[in-house]
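> I'd like to go over a predicted model; first the sequence, then the structure.
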Amino acid sequence: MGEGRGALDWARPQEKGTVGAAAARYGGAMQNFRDLRVWEQAQCLATRVHGATKSLTGTDGAGLRSQLRRSSTSIGANIAEGATSGSGRQFARYLQMAIASAAETESHLDFSERVGLLPRGTVLELIDETVKLRRQIVALRKRVVAASDTQNP
């Protein structure tokens, strides 16, 4: 995390002002998704999932590999799409989709460990990272909704 803002540290540290000020400035929606720490973390998670699933082969492994890669890359993609949607309410909707994709990723990871396709240690690390990211997106969504409600009562 950074700068003492915890889960609400969705703007990179060089961003001026507070989280609330940044959200209010955009009416609850950001314009440059690359300025969002949660987007960067989602990209890192997707990259780690991609690497962890390289060894999955065969019918079962290939199908699960595809599902895990799609759900994990969908997290960052939804954050990016929502950040450029132009309204806080739309941004919040896309953040909710990113939250759902994170839950889907967690579920696929759990399943892959249960059936022995991925090592337990790898799965536990990726699930921990996914849960932390999902919590940060939930916190960001709450701030975006609050800023959006303030802009459009």
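On my side now, so go ahead. Bear in mind that the values here come from a model prediction, so they are computed numbers and not experimental data.
> so what's the residue of the chain positioned farthest from its centre up against?
When distances are taken from the C-alpha mean of the chain, residue 58 lies farthest, 28.9 Å away, according to C-alpha atoms, centre = their mean. With contact set as C-beta atoms under 8 Å, 6 or more residues apart in numbering, residue 58 has no partners. The C-beta positions use only the backbone N, C-alpha and C, and glycine is treated the same way.
> secondary structure element for residue 136?
Counting by DSSP states H and E, the element that carries residue 136 is helix 120-151.
> For that helix, buried residues please.
Burial within helix 120-151, assessed by neighbour count using 16 or more other C-beta atoms under 10 Å, is assigned to 122-123, 126-127, 129-130, 133-134, 136-137, 139-141, 143-148, 151.
> Same check on stretch 45-59?
Of the residues in stretch 45-59, those with enough neighbours to count as buried (16+ other C-beta under 10 Å) are 45, 46, 48, 49, 52, 53, 56.
> Pretty sure residue 102 sits against residue 137.
Yes: because the distance of 6.7 Å satisfies C-beta atoms under 8 Å, residue 102 is recorded as touching residue 137.
> any common contacting residues for these two?
Residues touching both residue 102 and residue 137 comprise residue 75, with contact defined as C-beta under 8 Å, 6+ apart.
> So, low pLDDT: which residues of the chain?
Within the chain, the stretches with pLDDT under 70 are 1-30, 151-153.
> what ranges do the helices span in it?
19-25, 37-52, 58-83, 88-114, 120-151 (DSSP state H).
> Show me what the second one is packed up against.
Secondary structure elements in contact with helix 37-52, counted by 3 or more C-beta pairs under 8 Å, 6 or more residues apart in numbering; DSSP states H and E, are helix 58-83, helix 88-114, helix 120-151.
> got the CA positions of stretch 88-102 in PDB?
Provided in PDB are the C-alpha atoms of stretch 88-102 (Å, rounded to 0.1, in the frame of the first residue of the first chain):
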ATOM      1  CA  GLY A  88     -19.200   7.800 -11.600                       C
ATOM      2  CA  ARG A  89     -22.200   5.600 -11.800                       C
ATOM      3  CA  GLN A  90     -20.800   3.800 -14.800                       C
ATOM      4  CA  PHE A  91     -17.400   3.500 -13.200                       C
ATOM      5  CA  ALA A  92     -19.000   1.900 -10.100                       C
ATOM      6  CA  ARG A  93     -20.800  -0.600 -12.300                       C
ATOM      7  CA  TYR A  94     -17.600  -1.600 -14.000                       C
ATOM      8  CA  LEU A  95     -15.900  -1.800 -10.600                       C
ATOM      9  CA  GLN A  96     -18.600  -4.200  -9.500                       C
ATOM     10  CA  MET A  97     -17.900  -6.400 -12.600                       C
ATOM     11  CA  ALA A  98     -14.200  -6.300 -11.600                       C
ATOM     12  CA  ILE A  99     -15.200  -7.500  -8.100                       C
ATOM     13  CA  ALA A 100     -17.100 -10.300  -9.600                       C
ATOM     14  CA  SER A 101     -14.200 -11.300 -11.900                       C
ATOM     15  CA  ALA A 102     -11.900 -11.400  -8.800                       C
END
